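Visitor: sequence first, predicted model second:
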Amino acid sequence: MKYWLMKSEPDCFSLEDLINSPDQTTPWDGVRNYQARNLMREEMKTGDKVLFYHSGKNAAVVGLAEVVREAYPDFTSWDPENSHFDSKSTPESPRWFMVDVKFVKQFSNPIPLNYLKTVEGLEGMALLRKGNRLSVQPVTEEEYAVITKLAEEM
DNA sequence: GCCAACGTTGGC
DNA sequence: GCCAACGTTGGC
């Protein structure tokens, strides 16, 4: 069992959008970063736990999700109409992959990024490292435990 | 294979 | 809106 943090711009795809998705499940499409792709393709397994993070204004961990389908080709990558189209990716030779994630929980009080920075035990968290832009990040079991506990207390 | 230029992300 | 950090591209 592994733990992850997945970022999304709420204007693009928010936790509310996930809740309103069919079966409260969505393909995590549009990732066009090799490091993030490799994590999804090689590391993410069904049942892994996901912290759902909103970037931008009011950046915060807003809830929990779960991996329900392991990596498969991101079909938006060969759709010329799609904003994440990549001419080098084809159905025969897909370059980009995605997983499906399912809604688990919405925190009654999101945990803001600037609060996370003050929490003991999260000093080493990838999210808090300066300049980190990775949209799919590994989270340690300890970090996950600290954050989910915080969410219950807030 | 190096590196400058450029584009994007994302916090502030 | 600014800008630091980082990834990608392309000339050499």
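Guide: Perfect, thanks for sending it. Residues are numbered from 1 along each chain as shown, chains lettered A, B, ... in the order given.
Visitor: near DNA strand C, which residues of chain A show up?
Guide: Taking Cβ under 7 Å from any atom of the strand as the criterion, chain A approaches DNA strand C at residues A:33-35, A:129-133. Bear in mind the C-beta positions are built from the backbone N, C-alpha and C, glycine included.
Visitor: out of those residues, which are inside helices?
Guide: A:34-35 (DSSP state H).
Visitor: got JSON lines for the residues of chain A next to DNA strand C, with pLDDT and distance to DNA strand B too?
Guide: Shown next, in JSON lines, are the residues of chain A next to DNA strand C (pLDDT from 0 to 100; distance: Cβ to the nearest atom of the strand, whole Å):
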{"residue": "A:Asn33", "pLDDT": "94", "distance to DNA strand B": "8"}
{"residue": "A:Tyr34", "pLDDT": "93", "distance to DNA strand B": "13"}
{"residue": "A:Gln35", "pLDDT": "94", "distance to DNA strand B": "12"}
{"residue": "A:Arg129", "pLDDT": "91", "distance to DNA strand B": "10"}
{"residue": "A:Lys130", "pLDDT": "87", "distance to DNA strand B": "9"}
{"residue": "A:Gly131", "pLDDT": "86", "distance to DNA strand B": "8"}
{"residue": "A:Asn132", "pLDDT": "88", "distance to DNA strand B": "7"}
{"residue": "A:Arg133", "pLDDT": "91", "distance to DNA strand B": "4"}
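Visitor: farthest pair in the residues of chain A next to DNA strand C?
Guide: Greatest spacing in the residues of chain A next to DNA strand C, by Cβ to Cβ: A:Tyr34 and A:Lys130 (21.2 Å).
Visitor: residues of chain A that sit close to DNA strand B?
Guide: Counting by Cβ under 7 Å from any atom of the strand, chain A sits next to DNA strand B at A:7, A:9, A:55-57, A:59, A:113-114, A:133-135.
Visitor: can you map out the helices along chain A?
Guide: Per DSSP H, chain A carries helices over the ranges A:15-19, A:34-38, A:113-116, A:141-153.
Visitor: so for A:Tyr34 and A:Lys130, which sits in the more crowded spot?
Guide: It is A:Tyr34, of A:Tyr34 and A:Lys130, that has more neighbours when counted by other Cβ atoms under 10 Å, with 10 against 4.
Visitor: ok, now which ones touch the more buried one?
Guide: Contacts for A:Tyr34 (Cβ atoms under 8 Å, 6 or more residues apart in numbering) come out as none.
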